[in-house]
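Undergrad: sequence plus the predicted model coming up.
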Amino acid sequence: MFGWEFAADPYPAYAWLREHSPVHRTTLPSGVEAWLVTRYADAREALADGRLSKNPLHHSETAHAKGRIGIPGERGADLMTHLLNIDPPDHTRLRRLVSKAFTPRRVAAFAPRIQELTDQLIDDFAERGEADLIHEFAFPLPIYAICDLLGVPREDQDDFRDWAGMMIRHGKGPRGGVARSVKKMRGYLAELIHRKRAELSDEPQPDEDLISGLIRAGDTPPATA
């Protein structure tokens, strides 16, 4: 399931699994054993089941011994605790913070910037008549969009792109490169959050970035009845 043929056309394999083995035991490329759930209703039920956990910190020692869990350097850089990896009540708390800063109105207002980034990337290779669409378009577009959404200054965004690129190579870059990139990104984000908190205005601004919005939401005490 983790070869190039599957990546190019996974749908027949998924169809077979849904029909014959909807809850399927497999071994991930990292060496970790896992259960693959392919039916929507089953996946929804599993995600809502309090007996199951998404948090890698709850994996057994046996699971750790059989393979690598997470991005190299992620655990050491304290980046394991995020929305995709945690369970309630921490997941509920973080999701509530994100929902305060990441509103539909904010998303709609961001659409022109997405179009601008799209046009810029296409202009960079349009005259050549050819391009590596993954490297020159599909990867950088969401990275630059996320940087703008977070409030990463334009002059730092190429560094952010390099770190993110290294983190998803999984062994195809220089030895130790992934862990170094994780550490650099973590250090950069910590410094950026510190700077934005120091510069935060008393009142929310119409064009406030997501990090500032999250800081404001996280620092605001809950309303009392």
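TA: Sure thing, it's come through. Numbers count the residues shown, from 1 in each chain.

Undergrad: wait, what's in contact with the most centrally placed residue in the chain?
TA: Nearest to the mean C-alpha position of the chain, counting by CA atoms, centre = their mean, stands residue 84 at 8.0 Å. The contact partners of residue 84, by CB atoms under 8 Å, 6 or more residues apart in numbering, come to residue 54. The way it works is simple: take the backbone N, C-alpha and C, and place the C-beta from them, glycine included.

Undergrad: pLDDT wise, what is it at?
TA: We have a pLDDT of 77 for residue 84.

Undergrad: measure it to residue 55 for me?
TA: 10 Å (CB to CB, to the nearest Å).

Undergrad: and residue 123, by the same measure?
TA: 43 Å.

Undergrad: next: residue 164.
TA: For residue 164, the distance to residue 55 - CB to CB - is 23 Å.

Undergrad: neighbour count: these two, which is higher?
TA: residue 164 (17 against 14; other CB atoms under 10 Å).

Undergrad: so that one is in which element?
TA: helix 157-167 (DSSP states H and E).

Undergrad: residue ranges in this protein under the pLDDT threshold?
TA: Residue ranges of the chain with pLDDT under 70: 30, 59-81, 100-101, 169-176, 219-225.

Undergrad: and the helices in it?
TA: Using DSSP state H, the helices of the chain run over 4-8, 11-20, 40-47, 61-66, 90-101, 104-126, 133, 140-150, 157-167, 177-199, 210-219.

Undergrad: and the last one, how far from the chain's centre?
TA: If you compare the mean C-alpha spot of helix 210-219 with that of the full chain, they lie 18 Å apart, counting by CA atoms, centre = their mean, to the nearest Å.

Undergrad: tilt between that helix and helix 140-150?
TA: 40 degrees (axes from the mean of the first three to the mean of the last three CA atoms, to 10 degrees).

Undergrad: same question, the second one
TA: Following the same axes, to 10 degrees, one obtains 70 degrees for the angle between helix 11-20 and helix 140-150.
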